[in-house]
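S.K.: 3D model of this:
(one chain, ligands or ions: 3)
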Amino acid sequence: MNNVISVSKIQTTESILLIGGTDPSGAGLQSDLRVVHALGLHAYSVTSAVTAQHNTGVSDLGVLNAAHVKAQLVSVQKALSNVDARPLAAIKIGMLGDEYVINAVREGIELLRKEGHAPRIIIDPVIVASSGERLLTADSEIALMSKLFPLADVITPNLDELAQLTQMSVDTTRDIERATHCLLASGARSILLKGGHFDVESEQSSDYFSSEKLNFWLIGKRWPDRENVRGTGCLFATAITCASAQGYAIADAIVLAKTAVSRGIRQAESIGGAYQARLGDMSPHDWSVDYQDFPLMTPEAPDAKRPVLARCDTLRLGIYPVVDSVEWVEKLINEGIQTIQLRLKTDTDTPPTFEELDTQIEAAVEVCRGRDIRLFINDHWELAIKHGAYGIHLGQEDLYDADIHAIAEAGCRLGVSTHSYTEVARASWINPSYIALGPIYATTSKDMPWVPQGVAAVKRWVDLLKGEYPLVAIGGINLERAKALKSSGIGSVAMITAITKAEDYRAATKKLIEVWEKE
Ligand SMILES: Cc1ncc(COP(=O)(O)OP(=O)(O)O)c(N)n1
Ligand SMILES: Cc1ncsc1CCOP(=O)(O)O
Ligand SMILES: [Mg+2]
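M.R.: Ligands and ions are numbered 1, 2, ... in the order given. All right, here's what the predicted structure looks like:
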């Protein structure tokens, strides 16, 4: 999975370049600019074509002469050479119209690259309008694919465009997966199929993302009473561009963008005979995400059955030590600990045998029996089920191997690690018994590719997920940091070192419980 930037390190002052066609009724560049402005970012905009359209169709279309497009790109390049210019972090390419403009855009990007700009590139391959009119000449598709797709970090076709670009049928989820994987061969780093036009009778609106390393469906709510909201495809691609410009990994940018599309449709207003997406003001720091707009993510088909996992008996799991032996479990529950994890790793120089794991897990469950203790078993989900543990803790990679339905059927709780928007969306599909957020601070107990998130990010997660799941913060947490985290509203803090490496583990545990439980 991609690394993620810390939410507290996102950029809010980068600039974006939008290239596309105008639409007097609100889609195209007009829609793109609304997204950028809702987030308080700065955009340069280069017009490639002028369209006359409404929700009844396209009545006129003029593609600009390529020289005019190139001249606009040169002006942007000059603006960017000023000392007070904000760095160009991302480019969104929308409607281009013909191959002359495609060539001009390619040259413009090369010029910007020569000047040292290294923006991310998001291409919305605008080929056909929703009403059916072509917005790119038929003989220009090859130019779009050969000249621009290889530069793209993401391409965002809708259903018709995916079918058109791959010449494949896209009637089922399997068709979409196949066609999307096929389009990856164009050289783009990733593809996002915008699924607004797929399975329109469904209560869900599902998009499919594919890259070399990661494939998933992203599932959002559909709003059937908001028909044909204008410019949502543009909104999606532009929102991805904004989040990319802020430094988010592409998958996280896509999850955030999906929240913006849902928000825009949920708040849409009918103006002049057509629904217009409405974002309102959004904080560039957390995009003012509302959980009702937050998507679910799954590598399985969007209609796959979701597990129904047992709930924890509380939203506040309290001080949560993570330990590596039954002895530690016993010692700490004797000190008043009520939530604890047995973490027996097998990737060590002297890994435990299967029999040893079996014996230890059975013994840990036995030690907790009849004592109202929430004992979570890390990784070894089959043994946890076998011995009737209260719960299991799994990381994101573990989720691919584990049988989540078997865990649910056994009545076992499941806590899931997360480090990013993508992983929270993945966890949300599973509807886990708790969500762990980490690393909050740097940790010496585990090699982590993730940047520590800090207290401000925990506060944002609490605000986003409040009441939905018990939340657990982990990574480098000691007494002082637990005090700082308490104000975030999180219900639990997990730790290894602060207890198991403490000079006096009894005193350390007592103090942590005291601080956490103090009103
Ligand atoms: C409470 C809690 N949060 C996160 C983790 C990490 O789990 P995972 O990502 O599976 O890594 P390992 O612990 O297996 O190395 C955890 N164990 N507990
Ligand atoms: C297992 C794990 N997962 C995320 S951070 C971490 C280690 C936490 O240990 P410590 O409390 O010593 O930083
Ligand atoms: Mg694990």
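S.K.: Hmm, L136 is touching G94, no?
M.R.: No - applying CB atoms under 8 Å as the test, L136 and G94 come out as separate, 10.6 Å apart. Where C-beta positions appear, they are placed from N, C-alpha and C, glycine not excepted.
S.K.: more neighbours, the two?
M.R.: G94 (27 against 24; other CB atoms under 10 Å).
S.K.: Distance across stretch 125-137, terminal residue to terminal residue?
M.R.: 12 Å (CA to CA, to the nearest Å).
S.K.: What lies in contact with it?
M.R.: With contact meaning CB atoms under 8 Å, 6 or more residues apart in numbering, stretch 125-137 is reached by 20-21, 49, 51, 53, 55-58, 61, 94-99, 141, 144, 155-157, 160-161, 164-165, 197, 228.
S.K.: I figured Y248 hits I10, correct?
M.R.: Yes - here Y248 reaches I10: they are 6.9 Å apart, a contact under CB under 8 Å.
S.K.: Which residue of those two possesses the greater neighbour count?
M.R.: Y248 (26 against 18).
S.K.: Identify each buried residue in the lengthiest strand in the chain, please.
M.R.: Once the chain is assigned using DSSP state E, the strand that runs over the most residues is strand 42-54. Neighbour counts using 16 or more other CB atoms under 10 Å place 43-51, 53-54 of strand 42-54 among the buried residues.
S.K.: Could you list the contact residues of the chain toward ligand 3?
M.R.: 379, 395, 398 (CB under 5 Å from the ion).
S.K.: again, only using 6 Å
M.R.: With CB under 6 Å from the ion as the criterion, the chain meets ligand 3 at residues 378-379, 394-395, 398.
S.K.: coming back round to it: what's downstream of the longest strand of the chain, the next helix or strand?
M.R.: Next helix or strand after strand 42-54 toward the C-terminus (DSSP states H and E): strand 57-63.
S.K.: buried stuff in that next one?
M.R.: Of all the residues in strand 57-63, those buried under the rule 16+ other CB under 10 Å are 58, 61, 63.
S.K.: who's in contact with the last one?
M.R.: Contacts for V63 (CB under 8 Å, 6+ apart) come out as 48-49, 96-98, 100-101.
S.K.: Counting neighbours, what do you get for G395?
M.R.: Going by other CB under 10 Å, the residues that sit close to G395 add up to 15.
S.K.: which residues does the nearest residue in space to V36 that is not next to it in sequence contact?
M.R.: Nearest residue to V36, sequence neighbours excluded (CB to CB, 6 or more residues apart in numbering): A43, at 4.2 Å. Going by CB under 8 Å, 6+ apart, A43 touches 15-18, 32-33, 36-37.
S.K.: which bits of the protein sit near ligand 2?
M.R.: 322, 438-439, 443, 445-446, 474-477, 495-498 (CB under 6 Å from any ligand atom).
S.K.: Just send those residues back as a markdown table, with secondary structure too.
M.R.: Converted to a markdown table, these look like this (DSSP: H, G, I helix; E, B strand; the rest coil):
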| residue | secondary structure |
| --- | --- |
| V322 | strand |
| G438 | coil |
| P439 | coil |
| T443 | coil |
| S445 | coil |
| K446 | coil |
| I474 | strand |
| G475 | coil |
| G476 | coil |
| I477 | coil |
| M495 | strand |
| I496 | coil |
| T497 | helix |
| A498 | helix |
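S.K.: just to confirm, which helix or strand has the residue of the stretch 401-519 of the chain found nearest ligand 3 in it?
M.R.: Nearest residue of the stretch 401-519 of the chain to ligand 3, counting by CB to the ion: S417, 7.1 Å away. Using DSSP H and E, S417 sits within strand 413-418.
S.K.: Just the buried residues of that strand, please?
M.R.: 413-418.
S.K.: Pick the one among these closest to ligand 1.
M.R.: S417 (3.7 Å; CB to the nearest ligand atom).
S.K.: ok, now which ones touch the closest one?
M.R.: 393-396, 423, 436, 438, 474.
S.K.: Contact partners for the residue of the chain found nearest ligand 3?
M.R.: Distance from ligand 3 to each residue of the chain (CB to the ion) is smallest for G395, at 3.8 Å. For G395, the contact set (CB under 8 Å, 6+ apart) comprises 379, 416-417.
S.K.: picking that back up, and the buried residues of strand 42-54, which two are the farthest apart?
M.R.: Y44 and H54 (27.3 Å; CB to CB).
S.K.: Same list (the contacts of G395) but as JSON lines, adding distance to S270.
M.R.: Listed next are those as JSON lines, based on distance: CB to CB, whole Å:
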{"residue": "D379", "distance to S270": "52"}
{"residue": "V416", "distance to S270": "40"}
{"residue": "S417", "distance to S270": "43"}
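S.K.: Surely N215 touches E177?
M.R.: Yes - between N215 and E177 there is a contact under CB under 8 Å: 7.4 Å.
S.K.: quick one on the thing from earlier: filter the residues of the chain next to ligand 2 to the buried ones?
M.R.: The buried subset of these - by 16+ other CB under 10 Å - is 322, 438-439, 443, 445, 474-477, 495-496, 498.
S.K.: so who does L315 touch?
M.R.: 467, 469-470, 491 are the contacts of L315 under CB under 8 Å, 6+ apart.
S.K.: Tell me if it really is in a strand.
M.R.: No - assigned with three-state DSSP, L315 falls outside any strand and is coil.
S.K.: Now do the same for it: its pLDDT.
M.R.: For L315, the pLDDT comes out at 97.
S.K.: Would you list the phi and psi of it?
M.R.: phi -80, psi -10 (degrees, to the nearest 10).
S.K.: Distance of it relative to V462?
M.R.: Note on L315: its distance to V462, by CB to CB, to the nearest Å, is 11 Å.
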